[in-house]
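In: model the following, please.
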Amino acid sequence: MIGVRKAGDRGHFNHGWLDTSHTFSFAEYYDPAHMGFRQLRVINEDRVQPGRGFGTHAHQDMEIITYVLDGALAHKDSLGNGSVIRPGDVQRMSAGTGVTHSEYNDSSSGLVHFLQIWILPARRGISPGYEQKTFTDQEKRDTLRLIASPDGRDGSVTIHQDVAVYATLLGAGTSVRLALRPGRHAWVQVARGSVTLNGLTLQQSDGAAVNQEAALELTAGRGAEVLLFDLA
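Out: Residues are numbered from 1 along each chain as shown. Have a look, this model is predicted:
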């Protein structure tokens with residue numbers, strides 16, 4: 001069973017400096033029918049104007065993954081980390097007992113376009129942590145590249161939850177397949193392009209909740225970049 005979350009049905013706000021769309025309820029957007037899916041709590045698609053961004057703010061008890069599509073995002077946090085996140089980079093911040101951070105567009109001329117993803121941790125009160133790794137286009141081309149997992153296997157970033165996150169870059173007409181173990185669920189988020197998911201068409205920024213499916217098959221239309229979440 002697959003339920004499609006169309007891009008145009010998401011919560012959308014344009015604040016001038018920030019154009020943002022919320023797949024699930026977030027901040028001033030509240031939809032009781034879309035409070036998250038399994039352990040996946042937030043998928044925000046953000047476009048931030050040059051030199052603008054999110055000032056220092058706090059988080060607690062959340063696994064936060066940042067996935068940049070275009071541009072560069074500057075990050076600073078209370079753990080002492082300072083970095084710039086670019087396409088191909090995956091940043092994981094475990095808020096745990098509490099962390100503050102800021103994120104700004106690192107460019108003076110172009111937008112930064114990224115996905116911010118929140119996953120509920122398996123337990124509360126862990127020590128805050130930070131990790132950032134780069135996954136090249138070649139690693140993701142026409143295959144499912146593991147980018148986040150509970151054990152950090154295959155060079156993925158480590159998250160404190162029974163969730164595996166994959167990224168893929170698919171050429172036109174190319175397919176990838178993921179078998180789901182019994183009792184597992186999945187979420188598919190199309191970052192760019194279009195795909196068919198088990199025969200259903202998904203366009204750019206569409207998402208899909210997957211239940212009671214033995215496997216997922218993604219086939220690109222004109223080419224696509226997709227994130228796939230294997231969830232308990």
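
In: which segments of this structure make up each domain?
Out: For the chain, automatic domain parsing gives the domain ranges 10-134, 137-231.

In: go ahead and confirm residue 190 touches residue 205.
Out: Yes: in this structure residue 190 lies within contact range of residue 205 using C-beta atoms under 8 Å: 6.4 Å. Every C-beta, even on glycine, is put in place using the N, C-alpha and C of the backbone.

In: kindly list the longest strand within the protein.
Out: In the chain, assigned by DSSP state E, the strand with the most residues is strand 215-231.

In: returning to that earlier point: quick one: closest of the domains of the chain to residue 2.
Out: Among the domains of the chain, the nearest to residue 2 by C-beta to C-beta is domain 137-231 (5.4 Å).

In: for the closest one, what is the average pLDDT?
Out: Mean pLDDT, computed over domain 137-231, is 97.

In: give me the contacts around stretch 8-25.
Out: Here stretch 8-25 makes contact (C-beta atoms under 8 Å, 6 or more residues apart in numbering) with 5, 7, 26, 28-29, 31-32, 34-37, 40-49, 52-53, 189, 205, 207.

In: I meant to write stretch 120-133 there.
Out: 36, 39-41, 61-63, 77-79, 81, 83, 85, 89-99, 147, 150, 155-162.

In: restricted to buried residues, select those in ChimeraX.
Out: Buried subset of those, written as a ChimeraX selection, criterion 16 or more other C-beta atoms under 10 Å:
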select :36,39,40,41,61,62,63,77,81,85,89,90,91,92,93,94,95,96,99,147,150,156,157,158,159,160,161
